[in-house]
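In: The amino acid sequence is not available; the structure is as follows:
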């Protein structure tokens, strides 16, 4: 009598463990791994900043890099107007983009 109860209860446990592992795997491949790739790309971008690059900060300020330190970047936003930012505040490189209005 006890053997049949244990056999019936034990059969569904393996399927529950499999489903739990499947959910963890899906979560990893669709959420964690892409975020790690984005973080690595951002870190590489910030490490490879160079003088003369035109950038945009996370606050939306456009400027040109004039000085690089280990953890900060000095950008020129207008003639003789320089601002210092942390490297982590640099969001985009817009060096190759133009500021011409779109033609309709």
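Out: Nice, thanks for sending it over. Given the structure is predicted, the values throughout are model-derived calculations rather than measurements.

In: Pull the number of nearby residues for residue 65.
Out: Residue 65 has 20 neighbouring residues, counting by other Cβ atoms under 10 Å. All C-beta spots, glycine's among them, are computed from the backbone N, C-alpha and C.

In: shouldn't residue 71 be in contact with residue 86?
Out: Yes. Using Cβ atoms under 8 Å, residue 71 is in contact with residue 86, at 6.3 Å.

In: in stretch 31-48, what counts as buried?
Out: Buried positions in stretch 31-48, judged by neighbour count with 16 or more other Cβ atoms under 10 Å: residue 46.

In: and what of stretch 67-77?
Out: Within stretch 67-77, the residues that count as buried by 16+ other Cβ under 10 Å are 73, 75.

In: in this protein, what spans have low per-residue confidence?
Out: 1-12, 98-104 (pLDDT under 70).

In: can we see that at 80?
Out: For the chain, the stretches with pLDDT under 80 are 1-12, 96-104.

In: how does it divide into domains?
Out: 1-48, 50-93 (automatic domain parsing).

In: Residue 52 sits in which helix or strand?
Out: Assigned by DSSP states H and E, residue 52 belongs to neither a helix nor a strand.
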